[in-house]
Every structure is written in structure tokens, then in C-alpha cells.
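Asker: Okay, predicted coordinates and the sequence, questions at the end:
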Amino acid sequence: MRGGAGIAVLLLGCGVAHADAVVPLPNGHQHFTTATGVAVDFSRTGERAVVSPSLAHNGMGRTASMSATVFADVPGATGGQLVTGYLVGCQVDLSGGLSLGGDVYVQPSSISPEISPSINLVPGGVAQVKFDTKTIDPTAGKVGIQYLDRAVQVDGCGGYAQARAFSTLTVTNAKGSVETTLYGQPFSIG
């Protein structure tokens, strides 16, 4: 009977609704000259996230919608690319779910099954979610990506979850290539 009481408490805890939370995030900026002689002005501006309860309303899902503008001014670059997205981490991976196993014990007076529920707990991890990749236009010496309300759904996550923007810029010219990553501020998604 102990298993039934535990499940009832879990189901009662999932009934609370939460409103969306808007998370304004700070701008990020890098300004430097590469070893190959290219001046780089690299930024992420207007970043914000809207964190929402899971659409499945199951307590192990999270939804966040992100917006920002990522831009690089790289005069003198003959090539390269910009990749942007988010690193999303989860404390405990519960995607393996709940499994029920058991044994049947035979005694002279009765047959009684014993069912033992188990939750498959796996240490959490970090996933990279790419939003977009753009190639540098060597004529303009610029590249940019803007995303508005791009949603990320995290399922099967127990415990704490957070996300952090990343934008990786690769700049090339006749002398070689340089790669840099501009990270955003980590924020909770529940």
C-alpha cells in the first residue's frame, strides 16, 4: 500500500499551474583582432527567454522560447561561418521512465505476486540545440542571425534544468582561420 500513497502525492503535486516567466538576459560582446589580421566585432543583443510549464503538464517537461540577434562584423574575412543555439542541461534524466517488475511467490496456502516499481535514474547531461548556421559574405564582411521565440522543449528531466546561449564564429582569410565562441548568461528553465 505504500506505493499507492506515494503515487497519490506525486499526482497531487502536478496539479499546480504556473504562469510564463520572462527572463531578460544581458547582451554579450567581443571585440578583437585575430592572429591572421581580421578585426572582429561580435555581439549578441536583445536576448530574452520566456519559460513556460510543459504543454504535457507532467512535471518532467519544460518549455522555453528564446529571442536574440547575433551579429559579426569581420572586414577582411574571405570566409567562415556563424553557428548559434543553446546548451541545455538537465540534472537527472528520467526519460527511461518508470518500470514495473515483479516476482510471483508460490506458498502452499496462496499465490501472491509482488510488484516492485523502479524509476530509471540516469545522471543528467547537456545537449547542444543549434538554431541556425550562416556563411560569412566576404563582399560585405558581415554575418548575422536573428531568432524570435524559438522554442526548446525538454522532456523527461527531473530536478533542475538550465540553458545558456552559444554563438560560434569561424573567420578565415588567406593566412588561416580563427574560431571563437560567445556564451550567454545561464538561466533556469525550471
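Answerer: Perfect, thanks for sending it.

Asker: show me the contacts for the residue nearest the centre of the chain.
Answerer: Central residue of the chain (C-alpha atoms, centre = their mean): Val88, 2.3 Å from the mean position. The contact partners of Val88, by C-beta atoms under 8 Å, 6 or more residues apart in numbering, come to 126-129, 152, 154, 161-163, 189. Any C-beta I mention is one placed from the backbone N, CA and C, and that applies to glycine too.

Asker: beta partners of it?
Answerer: For Val88, the beta-bridge partners under DSSP bridges are Ala127, Ala163.

Asker: Begin at 49 from now on, thanks
Answerer: Shifting the count to begin at 49 puts that one at Val136.

Asker: So, low pLDDT: which residues of the chain?
Answerer: The model of the chain has pLDDT under 70 over residues 49-66, 104, 142-171.

Asker: Helices of that one, residue ranges please.
Answerer: Taking DSSP state H as the test, the helices found in the chain are 50-61.

Asker: Please enumerate the strands of it.
Answerer: If DSSP state E is used as the criterion, the strands of the chain fall at 69-72, 76-81, 87-101, 110-121, 127-141, 146-154, 159-167, 170-171, 174-183, 190-202, 205-221, 224-231, 235-236.

Asker: for the longest one, packing partners?
Answerer: In terms of contacts (3 or more C-beta pairs under 8 Å, 6 or more residues apart in numbering; DSSP states H and E), strand 205-221 is packed against strand 87-101, strand 110-121, strand 127-141, strand 190-202, strand 224-231, strand 235-236.

Asker: Would you mind giving these as CSV with distance to Val70 added?
Answerer: Output for those, formatted as CSV (distance: least, C-beta to C-beta, whole Å):
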stretch, distance to Val70
strand 87-101, 5
strand 110-121, 10
strand 127-141, 17
strand 190-202, 11
strand 224-231, 21
strand 235-236, 11
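
Asker: any idea how far Asp185 is from the residue nearest to the centre of the chain?
Answerer: Plainly put, Val136 is 30 Å away from Asp185 if you go by C-beta to C-beta, to the nearest Å.

Asker: One more: Thr229?
Answerer: The spacing between Thr229 and Asp185, counted by C-beta to C-beta, is 21 Å.

Asker: Repeat that for Thr126.
Answerer: Thr126 is 11 Å from Asp185, by C-beta to C-beta.

Asker: Same question for Val131.
Answerer: Using C-beta to C-beta, one obtains 16 Å as the distance from Val131 to Asp185.

Asker: same check, this time on Gly137
Answerer: Distance from Gly137 to Asp185, by C-beta to C-beta: 34 Å.

Asker: ditto for Leu217
Answerer: Distance, Leu217 to Asp185, by C-beta to C-beta: 14 Å.

Asker: Then Gln194?
Answerer: With distances taken as C-beta to C-beta, Gln194 is found 16 Å from Asp185.

Asker: now Arg198
Answerer: From Arg198 over to Asp185 (counting by C-beta to C-beta), the distance is 23 Å.

Asker: Please identify which of those two sits among more neighbours.
Answerer: The neighbour count for Arg198 versus Asp185, taken as other C-beta atoms under 10 Å, is higher for Arg198 (16 against 13).
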